[in-house]
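**Student:** based on what follows, work out the 3D shape:
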Amino acid sequence: MSEKMENPLISVIIPVYKVEKWLEQCVESVQNQTYQNLEIILVDDGSPDRCGEICDRFARKDPRIRVIHKENGGLSDARNCGLDLAGGEYICFVDSDDYIEPAMLEVLYQEIKKTSASIAVCDYEYAYDELEDCLENPMSKKRDLEEEIVLTGREFICLKQSKHSICVVAWNKLYQKEVWKNVRFPKGKIHEDEFVFHKIMYPCHRIVCVPYVGYHYRLRKNSIMSYCVQKNGIISTGGNEIHACEAFRNQCEYFAQQNDAEMVRSCENDWSAYMRQRWIYGDQKNRKEIRKEYISIEQGLLEKNYISIMTYIRRRILFYAEASLEVLYGSLLRKCRKNFPTVYLTLKHIKHSVKSIIK
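**Tutor:** Numbers count the residues shown, from 1 in each chain. Now for the predicted structure:
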């Protein structure tokens, strides 16, 4: 019996835009999978460089490759295009500047087969080949998974607080196509995964997570979600905090519709800490808008009794006091560290004392 009859078709969706330097490595890593019954969908999202030409060249040599040339609509639109055209029983997303291990799809498929899961998730590592402008990167190479675990969708979302990276990204997973039947990425949004992951995961009866590093995520200077410590010590997030707020609201509303108050509170707790950090380190021009949007969401949760008045007050204190302390002291601390070490230690002690009182 041929492999195609034994193994179902997997559709690998690769959105392509301004990645000619890395595209060949990405596509070749998919072509060379030990699991060969593949449909490789390259969505050329109006890329202005040679990406379209490279895609066509690959398609001429490999009948499994299908190329779609379209006007630029962003990552979400390109992924949605691939989803609409996918003919496989299973779906996998690979970003076109990343690459995967030769056995990734086979490992994930076998795990789905073994556990009857709807989704299989693997671990990943970072590729740091274009971070010359960064002194250090806060994303470590440590692995998120230590052992294989099988979870319900609800349990997997709860894992988000401790294993955020493996949970909310689209690209380190193999999905049964059915889970995407009524879900698409929001066009024109950054944090697009945050808008949809809960809708995909929550209904699943089984999600299997394996401690296998199958995906290599490239961190590069000009990517959508470039995230590095710049020379001035400030974390750059690309000014995407308003979309993060919108994704937060979207998640809370979804769990409220499911009548799952515990998940609403869990979501609020997780995002509260996240939004304070984005207010501190994000785009300074959007600070007032971020604060306004975040507080609006908290007020809505209070009015619907998802959080208590004490939680609401505590969140306001944390958001203003802790965040403001970070903003006011951050620049001063950096300036004093080299030239005035005694002043630096004093300021740092004051900062920690205030934070401990607040918490």
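
**Student:** distance of the closest residue to residue 173 other than its chain neighbours relative to residue 193?
**Tutor:** Nearest residue to residue 173, sequence neighbours excluded (Cβ to Cβ, 6 or more residues apart in numbering): residue 121, at 5.1 Å. For glycine as for every other residue, the C-beta is placed from the backbone atoms N, C-alpha and C. Separation of residue 121 from residue 193 (Cβ to Cβ, to the nearest Å) stands at 13 Å.

**Student:** try residue 101
**Tutor:** Taking Cβ to Cβ, one finds residue 101 at 21 Å from residue 193.

**Student:** isn't residue 94 right next to residue 26, touching?
**Tutor:** Yes: Residue 94 lies in contact with residue 26 (Cβ atoms under 8 Å); the separation is 6.4 Å.

**Student:** overlap in contacts, these two.
**Tutor:** residue 14 (Cβ atoms under 8 Å, 6 or more residues apart in numbering).

**Student:** ok, back up a step: so between residue 121 and residue 193, which is more surrounded?
**Tutor:** Neighbour count, other Cβ atoms under 10 Å: between residue 121 and residue 193, residue 121 has more, with 30 against 21.

**Student:** circling back: so who does the residue nearest to residue 173 touch?
**Tutor:** 108, 166, 172-173, 207-210.

**Student:** in this protein, which spans are helices?
**Tutor:** Along the chain, the segments classed as helices by DSSP state H run 3-6, 23-31, 51-61, 75-85, 104-115, 153-158, 164-168, 192-201, 241-257, 261-281, 287-303, 309-317, 323-339, 341-358.

**Student:** and those: which comes nearest residue 42?
**Tutor:** When the helices of the chain are compared for distance to residue 42 using Cβ to Cβ, the nearest one is helix 51-61, at 4.4 Å.

**Student:** tilt between that closest one and helix 23-31?
**Tutor:** In terms of direction (axes from the mean of the first three to the mean of the last three Cα atoms, to 10 degrees), helix 51-61 departs from helix 23-31 by 30 degrees.

**Student:** pretty sure residue 26 sits against residue 12.
**Tutor:** No: with contact defined as Cβ under 8 Å, residue 26 does not count as touching residue 12 (10.2 Å).

**Student:** need the overlap of contacts for these two.
**Tutor:** By Cβ under 8 Å, 6+ apart, the residues touching both residue 26 and residue 12 are residue 94.

**Student:** how many residues are close by residue 288?
**Tutor:** 10.

**Student:** any idea which residue is closest to the centre of the protein?
**Tutor:** Nearest to the geometric centre of the chain sits residue 169, at 3.5 Å (Cα atoms, centre = their mean).

**Student:** report pLDDT for the closest residue to that residue other than its chain neighbours.
**Tutor:** Leaving out its chain neighbours, the residue that sits closest to residue 169 by Cβ to Cβ, 6+ apart is residue 193, at 5.4 Å. We have a pLDDT of 90 for residue 193.

**Student:** so where's the chain uncertain?
**Tutor:** 1-5, 129-144, 161-165, 220-240, 276-286, 318-341, 343-345, 347-359 (pLDDT under 70).

**Student:** could you redo the last one with a cut-off of 50?
**Tutor:** In the predicted model, the chain carries pLDDT under 50 at residues 1-2, 131-142, 224-238, 357-359.

**Student:** can you point me to the longest strand in it?
**Tutor:** In the chain, assigned by DSSP state E, the strand with the most residues is strand 207-220.

**Student:** can you give me the angle it makes with helix 104-115?
**Tutor:** Computed with the same axes, to 10 degrees, the direction of strand 207-220 lies at 160 degrees from that of helix 104-115.

**Student:** how about strand 207-220: buried residues?
**Tutor:** Applying a neighbour-count criterion of 16 or more other Cβ atoms under 10 Å, one finds 207-210, 212-220 buried in strand 207-220.

**Student:** same question for stretch 8-22.
**Tutor:** Neighbour counts over stretch 8-22 (16+ other Cβ under 10 Å) mark 10-20, 22 as buried.

**Student:** now render these as CSV, adding distance to residue 55.
**Tutor:** CSV is the format used below for the buried residues of stretch 8-22 (distance: Cβ to Cβ, whole Å):
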residue, distance to residue 55
10, 19
11, 16
12, 13
13, 13
14, 9
15, 11
16, 6
17, 11
18, 13
19, 11
20, 10
22, 13
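
**Student:** how about stretch 66-74: buried residues?
**Tutor:** 66-68, 73-74.

**Student:** just the terminal-to-terminal distance for it.
**Tutor:** End-to-end distance for stretch 66-74, by Cα to Cα, to the nearest Å: 19 Å.

**Student:** for the residue nearest to the centre of the chain, give its distance to residue 57.
**Tutor:** 29 Å.

**Student:** same check, this time on residue 302
**Tutor:** 57 Å.

**Student:** the longest strand of the chain to helix 192-201, inter-axis angle?
**Tutor:** Using the same axes, to 10 degrees: strand 207-220 against helix 192-201 is 170 degrees.

**Student:** strand partners of strand 207-220, parallel vs antiparallel please.
**Tutor:** Strand 207-220 has the following strand partners under DSSP bridges: strand 99-100 (antiparallel), strand 119-130 (parallel), strand 149-151 (antiparallel).

**Student:** so residue 219 sits against residue 125, correct?
**Tutor:** No: assessed by Cβ under 8 Å, residue 219 is found out of contact with residue 125, at 10.7 Å.
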